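A.B. asks: here's a sequence, model it:
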Amino acid sequence: MQNEEVLIVENLSKAFELNQQGPLLFKDVLKQSIKNILKPQKELQNPFWSLKDISFTLKKGETLGIIGQNGAGKSTLLKIISGLMSPTKGRIILHQEVASILEIGSGFHPDLNGKENIFFNGQIMGYTKAEIEKKYQQIVDFSEIEEFMLTPVKYYSSGMFLRLAFSIAVHFDRELMVFDEVMAVGDQRFQNKCMNKITELKNKNCTFVIVSHNFREVANLCDRIIWLKEGQIHMDGKTYEVLTEYIKQDEEDEKDLKQSQTENAAFQKPSLREELDEVLKESHIKIHQLEVRQESDLGAKVFYNHLPLQFELTFSVLRHEEVFDLAFVLRDALKTPLFGGGTFEFFQKQKPNKNQEYLLQWIIPGNLLGEGYFKISLVEFLDNNRSFANYEFYEFEMKGITKIGDPTPKFFTPIKPPLEINLKPIKK
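C.D. replies: A predicted model of the protein is given here:
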């Protein structure tokens, strides 16, 4: 059934001992292992909690993305789900067998060649030799490294490791698949091939847990995202909502870091006006005002997507020695450029005048944008079409009006125009 739970994580915590003694002799390791078997494990003296009280469930057919800064606990969580590490507290309940790709070389015997490792992994997963032989050529063809199948994998590059590991994971049927940065595999063509394979498996109702720093990949694949922060769940929700908040926080952290490196800690954080004035020191323009208008009552920087949104930018020209163009570019929350426009035709016909004030107006039609967060960047182009300045200028959110009981599925698409779609049965 679609809603059955494949994975249950209950109050999961994982601690590691800090300031452990340095390398031991093998006999010391053996003695300690025997002690751990005969005696209950002592409490850690100086624990570092990589995960703290994590709880969530995953339903069949769902694709869950895990994001967070380095050290947030993502890889630790995947290792516990995959059975490679035991939790300090809490538990994992699995209702399906797991296939995982976590780190380079995991699950491979370095002295075995590629072919032997395929059979080795298949047997571990419970397949017979005859069943593995039926799948062998499919695995080899997908990995695209057939000429290296008789080479020991310890001589493989990281890309070859991941190609073979991914191919094995997706061809030996498992209902739950756990991937850690798997889309770093190979070149763009092979990455697209992997994305298509994951989409194919999603359509067959397979369940995925994916860790990735590639937000476009996460947005395209994941139905839901968990944001880990310092070992805890900071946010768990819809893909675009969590990604947008994460990116906003990341940008704020980056600004704060730059400020702390260049300014006195007691210095007041500059306002948007002060930041723009700093950026525009070498610019051709001086911005006076930006007005944004819509007949809505949602407050500042929040608008309805079914209504038109009007922008009016007032600026003056500081110099006119060379022809330049001023353009606005609308970007989605993941900073992908969607569309834009500007002064191209006007300033090509009539050179800008120094100290002249201009009003640049544009309207985003209603029923064009989807729900989510958007940013407007301003870009200056010189007469040789070289980008002279590019800076973010304005950020806003689009909301939709949802009817109670509306069965329409919500797609993560920044552009959502009113398409004319017709469906009718064909009479035979």
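A.B. asks: from here on, contacts and neighbour counts on C-alpha atoms
C.D. replies: Fine.
A.B. asks: which element, helix or strand, includes E392?
C.D. replies: Here E392 sits within strand 387-399, counting by DSSP states H and E.
A.B. asks: state the mean pLDDT of that strand.
C.D. replies: Mean pLDDT, strand 387-399: 77.
A.B. asks: and the end-to-end length of stretch 65-78?
C.D. replies: 11 Å (Cα to Cα, to the nearest Å).
A.B. asks: show me which positions of it end up buried.
C.D. replies: By 16 or more other Cα atoms under 10 Å, the buried positions in stretch 65-78 come out as 65-68, 72-78.
A.B. asks: give me the contacts around that stretch.
C.D. replies: 50-51, 85, 102, 178, 180, 209-213, 218, 222-232 (Cα atoms under 8 Å, 6 or more residues apart in numbering).
A.B. asks: buried ones among those?
C.D. replies: Among the contacts of stretch 65-78, those buried by neighbour count (16+ other Cα under 10 Å) are 50-51, 102, 178, 180, 209-213, 218, 222-232.
A.B. asks: mind listing which of those residues are in helices?
C.D. replies: Among these, DSSP state H puts V218 in helices.
A.B. asks: the buried ones among the contacts of stretch 65-78 in strands, which ones?
C.D. replies: If you go by DSSP state E, these have 50-51, 178, 180, 209-211, 224-229, 232 in strands.
A.B. asks: max pairwise distance over those residues: which two?
C.D. replies: Taking Cα to Cα as the measure, these span a maximum distance of 22.4 Å, between S50 and R224.
A.B. asks: ok so, going back, and the ones in strands among the buried ones among the contacts of stretch 65-78, which is closest to I421?
C.D. replies: When these are compared for distance to I421 (Cα to Cα), R224 wins out at 27.9 Å.
A.B. asks: ok, that closest one - contacts?
C.D. replies: The contact partners of R224, by Cα under 8 Å, 6+ apart, come to 62-65, 236-239.
A.B. asks: tell me where the chain is predicted with low confidence.
C.D. replies: Applying pLDDT under 70 to the chain picks out residues 1-3, 19-45, 103-106, 182-186, 255, 257-283, 320-323, 382-390, 402-412.
A.B. asks: centre-most residue in it?
C.D. replies: Nearest to the mean C-alpha position of the chain, by Cα atoms, centre = their mean, lies F215 at 2.4 Å.
A.B. asks: so that residue makes contact with L334?
C.D. replies: Yes: between F215 and L334 there is a contact at 7.1 Å, judged by Cα atoms under 8 Å.
A.B. asks: re earlier: out of the contacts of R224, which are buried?
C.D. replies: Among these, those buried by neighbour count (16+ other Cα under 10 Å) are 62-65, 236, 238-239.
A.B. asks: can I get these in JSON lines with secondary structure?
C.D. replies: Below are these laid out as JSON lines (DSSP: H, G, I helix; E, B strand; the rest coil):
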{"residue": "E62", "secondary structure": "coil"}
{"residue": "T63", "secondary structure": "strand"}
{"residue": "L64", "secondary structure": "strand"}
{"residue": "G65", "secondary structure": "strand"}
{"residue": "D236", "secondary structure": "strand"}
{"residue": "K238", "secondary structure": "strand"}
{"residue": "T239", "secondary structure": "helix"}
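A.B. asks: strands along the stretch 301-428 of the chain, start to end?
C.D. replies: Along the stretch 301-428 of the chain, the stretches classed as strands by DSSP state E, counting those that start in this stretch are 302-304, 309-317, 324-332, 337-342, 357-364, 372-382, 387-399.
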